[in-house]
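Colleague: Using only what follows, build the 3D model:
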Amino acid sequence: MQKIFGWSRASSSYSKLFHPETILDLNNIISLARENNSNICMMGSGNSYGDEFQNDQNIVINTTKMNKIIGWDSTSGIIEVEPGVTLTDILKICLLDSWIIPVVPGVRSPTIGGCIANNIHGKNCYIDSNIGDWVL
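Modeller: Next up is the predicted model:
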């Protein structure tokens, strides 16, 4: 068990923390959870204001090592990524082709998996909505 803190460090939990690098690794962790009747909570870079990934005495899967950009289409603006890719990683590619992510929070270090899980918003949410509306 490892002590895991939320971004604010206001709360913590003791969890079995895993860092999968592939889909196969992820499948093995899910199988382990089933065998041990454990529940699973996903975690990205840990930048959520809340403590969503606290999962005391259970499994936390940190996806930051699943951080590959699978494909980028500069014509359509569609990018395919693994959940551990950060907004900074995405911006480094998109900006080269004059694209920007339609929803950007106040920081660039969150992972896209965490952003989607929390359906983040940016300063423009009253116009462009939250990130969930931009995910295929």
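Colleague: drop to CA atoms for contacts and neighbour counts, all remaining ones
Modeller: Noted.
Colleague: For the lengthiest strand in the chain, which helices and strands make contact with it?
Modeller: Ranked by residue count, the top strand of the chain under DSSP state E comes out as strand 12-18. The contact analysis (3 or more Cα pairs under 8 Å, 6 or more residues apart in numbering; DSSP states H and E) places strand 12-18 against strand 2-5, strand 59-62.
Colleague: Quick check: can you name the pairing partners of that strand and their directions?
Modeller: Sheet pairing here is set by DSSP bridges, and for strand 12-18 it gives strand 2-5 (antiparallel), strand 59-62 (parallel).
Colleague: What's the mean pLDDT across the helix or strand that it is followed by?
Modeller: The first helix or strand that comes after strand 12-18 along the chain, using DSSP states H and E, is helix 23-35. Computed over helix 23-35, the mean pLDDT rounds to 96.
Colleague: now helix 23-35: how far from the chain's centre is it?
Modeller: 18 Å (Cα atoms, centre = their mean, to the nearest Å).
Colleague: what secondary structure does the closest residue to Asn124 other than its chain neighbours sit in?
Modeller: The shortest distance from Asn124 to any residue that is not its chain neighbour, by Cα to Cα, 6 or more residues apart in numbering, is 7.3 Å, and that residue is Val103. Three-state assignment for Val103 (DSSP: H, G, I helix; E, B strand; the rest coil): coil.
Colleague: What about Val103, how many residues nearby?
Modeller: Around Val103 there are 20 other residues, counting by other Cα atoms under 10 Å.
Colleague: ditto for Ile93
Modeller: Residues within reach of Ile93, counting by other Cα under 10 Å, total 16.
Colleague: thinking again about what came up before, verify the contact between the residue nearest to Asn124 and Ile127 for me.
Modeller: No - applying Cα atoms under 8 Å as the test, Val103 and Ile127 come out as separate, 10.1 Å apart.
Colleague: which residues are contacting the longest strand of the chain?
Modeller: 1-6, 29, 54-62 (Cα atoms under 8 Å, 6 or more residues apart in numbering).
Colleague: Can you list the buried residues in stretch 103-123?
Modeller: Residues of stretch 103-123 classed as buried: 103-105, 109-117, 120-122 (neighbour count, 16 or more other Cα atoms under 10 Å).
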